[in-house]
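In: Give me the fold of what follows.
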Amino acid sequence: MIDFADDIKQAVLTLNKGGIIIYPTDTIWGIGCDATNEKAVNKIYKTKLRSHNKSMIVLLDDVEKLKLYLNEVPEIAISLMEKINTPLTIIYPSAKNLAKNVFAEDGTVAIRIVRDSFCLELCKAFNKPLVSTSANISGYTYPLVFRDIDERLLKSADYIMESGRTLIRQIKPSTIVKLKSNWDYEIIRS
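Out: You can find the predicted model right below:
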């Protein structure tokens, strides 16, 4: 079995080459890639048989990095992150420096600052935004444990993380909050 540091290193090498990985996120098992690489993002859409009108979540390791990818970091977003202790994805009205195909049709982008130690280490080592979408074929149940990941996804991945395979991830995906243009917000998924 590969050790944690080598597992992270292999995942980062794969991501830097435009590959896709299967990895334990801070919520459920995910499939991910470099969120600045349009070709890699397209590969995930193809692999998951996912419609291009369904956007994907972007993971970052530090709230300060939001400034690199958002035109404006609203105070309400910081306040929500401070108050909500569970994984929180915020949909922002606009962003920059990301692959165009991670944006929703309305130009919004979903970003989550990770807190889980494993995911945090992966994001820090990669030092770029990471796509995060559930490791399932679109329309099928998302996997709580590694063994439930569809064989088609496993065969399509360029790297499958060994770390965390025996863990049961959280029972549900992250809470999603959408910011409105006036910086009010609505809860999309709790």
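In: where does the residue lying closest to Ile91 once chain neighbours are set aside land in three-state SS?
Out: The spatially closest residue to Ile91, leaving aside those adjacent along the chain, is Lys178, at 4.1 Å (C-beta to C-beta, 6 or more residues apart in numbering). Where you see a C-beta, it was placed from the backbone N, CA and C, and this is true even at glycine. In three-state terms, and counting by DSSP: H, G, I helix; E, B strand; the rest coil, Lys178 is strand.
In: Got phi/psi on Glu151?
Out: Note on Glu151: its backbone torsions stand at phi -60, psi -30 [degrees, to the nearest 10].
In: And for the one 10 residues further on?
Out: Backbone dihedrals for Met161, given as degrees, to the nearest 10, come out at phi -70, psi 140.
In: all strands for the protein, in order.
Out: Here the chain has its strands, by DSSP state E, at 21-24, 29-32, 57-60, 88-92, 109-113, 130-134, 159-160, 175-179, 185-189.
In: packing partners for the second one?
Out: For strand 29-32, the elements it packs on are strand 21-24, helix 38-48, strand 130-134, judged by 3 or more C-beta pairs under 8 Å, 6 or more residues apart in numbering; DSSP states H and E.
In: ok, residues contacting the last one?
Out: Translated: strand 130-134. 15, 25, 28-35, 40-41, 44, 48, 50, 56-60, 102, 112, 122-123, 142-143, 173 (C-beta atoms under 8 Å, 6 or more residues apart in numbering).
In: partners of the nearest residue to Ala157 once chain neighbours are set aside in the sheet?
Out: Once flanking residues are discounted, Ala157 sits nearest to Ile22: 4.6 Å by C-beta to C-beta, 6+ apart. Listed by DSSP bridges, the beta-bridge partners for Ile22 are Ile31, Ile160.
In: Appreciated, that's everything.
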